[in-house]
Each structure stands twice: as structure tokens, then as C-alpha cells.
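# Make a model of this:
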Amino acid sequence: MVATDAEAHATSDPEAAWHQRFDSAPIEIEVNDLTIRYGETTVLRGVNLDIRKNEIFGIIGPANSGKTSLLKALNRMDMFTPGMNVQGRIRINGCDIQTVKNVYALRRSIGVVFPLPVGLPLTVFENVAFAPRLGGVKDQAELDIIVERCLRRAALWDEVKDRLDSLGSFLSGGQQQRLTIARALSQDPNILILDEFSIAVDPVTTMRIEDVLKELRKEMTILLVTNLVQQARRLADRTAFFLNGECVEIGMTECLFTRPVLDQRTKDYIEGRCG
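Sure thing, here's the model as predicted:
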């Protein structure tokens, strides 16, 4: 099949390709003038961004840039973080998350994968079945289906299907991280947040998880925080660069890597001259 002129242009132009795919997609996450403080210390100031449905949105930047604080605010973890004060507005699917009555329902719609694979002290099966059980699923056959589906989506089923009754802590580090992804998927989220998911896993496992994320983007919106700029380049449709509590720049990922950028700080970080 011969590509049309428009298709050929979109393929060669990352910005055109993004617009072609996402212009009609609804905004899933909208952040307006977000400022976060811990006591007297401001860690994030005046952040504005939006993330489209089924987009992989990358956030890069050195440590202490405010990236993880943004994730905490998105998941309303400020409720459990002493001294954390959130100002501004975050909307998810048009709903102001600071005013939602059922915060637990909000959290069920957001799966979170942390930097280190923190498994529950349970079997592989029960790690994945934990959230559905809390949600009221009691039928064993239904739980079996959910667990297998989530483990398959996390590219782990073939490796653990014969040891579902073994403790999750007996798995390798890479397998445990994929188990945390399966556990996050078990609550059937609309949004998946990953905070430095590859920090404790080997390169081969990292690539396997990246392949998983490329498939999951068909079903959900993914927010990826990473210190690995090339990982953002491989995965993200758009990328934001955070530095010292400021969102310096947001752009189509490939454009940030291949074209002159608006802010020299972004260029310096991507090219390894700072951070």
C-alpha cells in the first residue's frame, strides 16, 4: 500500500505524527498552576501540563526536580504525606481530584509502579488477586481469570504459571518488578504511573517491560518518570523536562532529541552536560 502525502509527512515529522494521532483524543490528565510544598520548602512551582488519553507521557530530569512529588499529587498521596501541601488544580477526566468524595475509587483508577519492586508478603497468585478481592471479587474462577490475564499482560505468566503458590519474594528482581505491574493492572486502571521502574532491573528485563508498555498504551494512559533519557525517547510520545521544581519544557519527544529546543537547559540535560 502506497502512503498518502499526509501519511508520509506524519511519518517523517514527529510533531505531525503526534497531532495526527492525538488531536482528537480527550485530555485525561490536566494540571494547572500546580505548586507543592513540604513545610516551608517548595519542590514544585507553577506546573502546567496536559496528557491525552492513550498517550505515553515521559518526565525526565535530575533528582530533586519534583517529579515524584507530582506523582504523589496525582494519586492523592498527599493525604498520607506529613507536611505536603498541594496548591493549584489537577483534573482527571474533567474531575478535580482535590474535591472528589471517594478518593479510594480515584486510586483504583490509577495503577502505580514504584522504583523498587515492593511485593506483598503473599504468593504470586495472591499478590495479583489482592486488589480484586478488596474490590469484592470472591468467585475463585473469576479470580483465576483475572490473575492469568494480568500476568500475561505483564509478560510474566509463562515464567510463573507453575509456581503461583510460591511467595512472590522468591522471584528474581526483574520478575518481581513485572509482578508489581501485574498487581497494578489487577485493579483495571485507566492510568498507569511508573516511577523509575527500571532502576533495579537488568537491561534485558527493562526492554521486556518496555515492550509491555508499548502494548498497554492501547488500553490506558501511561505516565513514565525516568532518569534514562533514552528510555523516554524510546517510549514517550511527548516528554517534559523538570529541573529544580520547574517544568522547563514540554515537547514531542523526538523533537526534543533531534531539533534545537527553546531552552538550553533541556539540551544540556539530554546531551549529558548537567544532572
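# Give me the pLDDT for residue 8.
As predicted, residue 8 sits at a pLDDT of 45.
# Ignore what I typed, I meant residue 191.
Residue 191 is assigned a pLDDT of 95 by the prediction.
# List the residues that contact it.
28-29, 74, 92, 109-111, 220-223 (CB atoms under 8 Å, 6 or more residues apart in numbering). In this view, the C-beta of every residue, glycine as well, is placed from N, C-alpha and C.
# what is it paired to in the beta sheet?
When assigned by DSSP bridges, residue 191 has beta-bridge partners residue 110, residue 221.
# swap in residue 92?
Here residue 92, judged by DSSP bridges, has bridge partners residue 29, residue 95.
# May I have the residues that are in contact with it?
Neighbouring residues of residue 92 by CB under 8 Å, 6+ apart: 28-30, 74, 106, 109-110, 191.
# Same question for residue 198.
177, 205-206, 209, 226, 228, 231.
# same thing with residue 89?
By CB under 8 Å, 6+ apart, the residues touching residue 89 are 30-34, 96, 98.
# Let's see that with 10 Å instead.
Neighbouring residues of residue 89 by CB atoms under 10 Å, 6 or more residues apart in numbering: 30-34, 48, 96-99.
# cool, residue 208 as well?
Residues near residue 208 by CB under 10 Å, 6+ apart: 154-156, 174, 177-178, 201-202.
# if we can go back for a sec, among the contacts of residue 198, show me the least confident.
Of all the contacts of residue 198, residue 205 has the smallest pLDDT value, namely 83.
# quick one on the thing from earlier: ChimeraX command to pick out the buried ones of the contacts of residue 191?
Selection of buried members from the contacts of residue 191 for ChimeraX, criterion 16 or more other CB atoms under 10 Å:
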select :28,29,74,92,110,111,220,221,222,223
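# Nearest to residue 213 among the contacts of residue 191?
Closest approach between those and residue 213, by CB to CB: residue 222, at 6.0 Å.
# which residues touch the closest one?
The contact partners of residue 222, by CB under 10 Å, 6+ apart, come to 51, 54-58, 111, 191-194, 213-214, 216, 235-237.
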